[in-house]
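>>> Coordinates for the following, if possible.
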Amino acid sequence: MNRAWGAGGLALGLFVSGVAHAARPSFEDLVANLKSPSAKTRLEAASALGKSRRREAVAPLAALVRDPEWKVRLEVVRALRELRDLSAVPAVVTAMGDGDLKVREEAIGSLVEIYAERERTTPLVGRFLDLFSDEYDRSSVGPYVAVDPAAYQALGTALRDEDANIREYAALSIGILDGRTLVPQLVSALKDPDDGVRGAAATALGKVGSPADGKSLIPLLADESTEVRRRVLQALGVLRVREAGPALRAMYEANRRKELGLRVLAALTRIADPGQADLFRELVQDPDPERKRLAVEGLGRISDPAMLPAFKKDYQRERNDELRLAYSFALTLLGDRAFLDSLVLCLPSRTLGSRCRGYILEMGKDVLPELYPYLNDPDPDVRGVLADILAAVGDPEAVPRLAPLVSDPSRDVADRANRAIERLRRIAPSPPAQ
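Modelled structure (predicted):
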């Protein structure tokens, strides 16, 4: 009896499974459903094709970017984003000119995700672009990524959209996608009546502009919006706009003991203006460690070799670990590369590692010869982080130096080295190994 029930149950299970499988549309059925007279069917088919991750789905989906139903067009853009294929870009660009606000918004976010290879962690396009933009000082796509000129043209058009959010998202996207050709449009957007757009344009200009372009940011230090001023300070520091020195100095003096004053000082110390050296020398004696750290960094960036003996003495007397690292950064900039050792060995630190990484990335290609020996460091965390840094610096000559790490006993190091090599090879052919 039990065996009969068991056999019957198995047969029933196989039947149900077969029915379920038969009910699931094939890829070909989904493509056919895109032509259904039912908008709901077209929408469901678009959604399923996006999840398929099959490149062949791009062409039939692209045909629906002008669908009469806006909800279908929205789902088509989302599906094209999920496919993560550059062949979808022309269709996404078309959708950026859609008559529906939500479709245009989704298209801008999708364009960024396709090119930057970045998964969205929030359903809100604006939130995603805002967080992604703030994560990096400069543009977020590698030098090997060739953005379609039509995409830049569409972003330039979006900077003039009737909706302020679209203009803001377009500005942030231009910065993320390295839209240097759109710098004049970004400068014009600094005068937008919406403070969100002005702030986004300032951030984007900091990513893709030059120090000369950055001079147009100086008047916005007096902007009525706190957020705009914050973004302008960041951009001025990234671009090292020395002409902003006097205005920043006056702003700092008016806000010395306020939170704003610290933000202003951070920008002031990054622009490397020798005219502010007196302020930095004063603040090196400040009891507040944050002000002192910024002052040490500022003097290091000014790079007056005459400061080297005094800085070495101050380094030896300093007991604060964070300040010792700031001195190591400054002393390396001043020409004593032995102090780079402190920065490299501190890279695995959970508390100070990110700052050391920032210091090394700021010095960039100038210190690469001194970094290479550390690829043999006994600490696998040092080797792994250095592989990431060399990839971020973007010099293909690092490839033969990284090659031995692909066979590293640490799987994590080997994987990071492999990813770094692949990224660098996309920039330019690697030189032959010695």
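
>>> What residues of stretch 284-295 count as buried?
By neighbour count on 16 or more other Cβ atoms under 10 Å, the buried set for stretch 284-295 is 284, 291, 292, 293, 294, 295. No exception for glycine: its C-beta is placed from N, CA and C like everyone else's.

>>> Show me which of those is closest to residue 94.
Proximity to residue 94 was ranked across the buried residues of stretch 284-295 by Cβ to Cβ; first place goes to residue 294, at 47.3 Å.

>>> so what's that closest one up against?
By Cβ atoms under 8 Å, 6 or more residues apart in numbering, the residues touching residue 294 are 262, 265, 266, 269, 283.

>>> If we ignore the residues flanking it in sequence, what's nearest the third one?
Spatial nearest neighbour of residue 266, chain neighbours left out: residue 294 (5.8 Å); criterion: Cβ to Cβ, 6 or more residues apart in numbering.

>>> how close does the one you found get to residue 269?
From residue 294 across to residue 269, the span is 5 Å (Cβ to Cβ, to the nearest Å).

>>> Same question for residue 283.
Relative to residue 269, and taking Cβ to Cβ, residue 283 is found at 9 Å.

>>> overlap in contacts of those two?
Listed as contacting both residue 283 and residue 269 by Cβ under 8 Å, 6+ apart are 294, 295.

>>> And the two? Which one has more around it.
residue 269 (26 against 22; other Cβ atoms under 10 Å).

>>> tell me the pLDDT at the more buried one?
For residue 269, the model assigns a pLDDT of 96.

>>> before we move on, which element is it in?
Using DSSP states H and E, residue 269 sits in helix 259-270.

>>> Any buried residues in that helix, and which?
For helix 259-270, a neighbour-count test (16+ other Cβ under 10 Å) marks 260, 261, 262, 263, 264, 265, 266, 267, 268, 269, 270 as buried.

>>> got a markdown table for these, with distance to residue 102 too?
Output for the buried residues of helix 259-270, formatted as a markdown table (distance: Cβ to Cβ, whole Å):
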| residue | distance to residue 102 |
| --- | --- |
| 260 | 37 |
| 261 | 41 |
| 262 | 39 |
| 263 | 35 |
| 264 | 39 |
| 265 | 42 |
| 266 | 38 |
| 267 | 37 |
| 268 | 42 |
| 269 | 43 |
| 270 | 39 |
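
>>> Looking at the residues you listed, which is nearest residue 354?
Nearest member of the buried residues of helix 259-270 to residue 354, counting by Cβ to Cβ, is residue 266, at 15.5 Å.

>>> Distance across stretch 348-368, terminal residue to terminal residue?
Across stretch 348-368, the terminal residues are separated by 19 Å (Cα to Cα, to the nearest Å).

>>> any idea of the mean pLDDT in that stretch?
The model assigns stretch 348-368 a mean pLDDT of 94.

>>> swap in stretch 149-159?
Averaging pLDDT along stretch 149-159 gives 97.

>>> May I have it as PDB, with CA atoms only?
Extracted in PDB, the C-alpha atoms of stretch 149-159 (Å, rounded to 0.1, in the frame of the first residue of the first chain):
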ATOM      1  CA  PRO A 149      29.700  60.400 -27.800                       C
ATOM      2  CA  ALA A 150      25.900  60.200 -28.200                       C
ATOM      3  CA  ALA A 151      25.600  59.400 -24.500                       C
ATOM      4  CA  TYR A 152      27.500  62.600 -23.700                       C
ATOM      5  CA  GLN A 153      25.300  64.500 -26.100                       C
ATOM      6  CA  ALA A 154      22.200  63.200 -24.300                       C
ATOM      7  CA  LEU A 155      23.600  64.100 -20.900                       C
ATOM      8  CA  GLY A 156      24.300  67.600 -22.200                       C
ATOM      9  CA  THR A 157      20.700  67.900 -23.400                       C
ATOM     10  CA  ALA A 158      19.500  66.600 -20.000                       C
ATOM     11  CA  LEU A 159      21.400  69.400 -18.300                       C
END
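
>>> List of residues touching the strand or helix carrying residue 127?
Secondary structure assignment for residue 127, by DSSP H and E: helix 125-135. Residues from elsewhere that reach helix 125-135, judged by Cβ under 8 Å, 6+ apart: 105-106, 108-109, 112, 116, 118, 120-122, 140, 165, 168-169, 172-173, 175-176, 200, 203-204, 207.

>>> ok, and for it, which residues are buried?
By neighbour count with 16+ other Cβ under 10 Å, helix 125-135 contains the buried residues 125, 126, 128, 129, 130, 132, 133.
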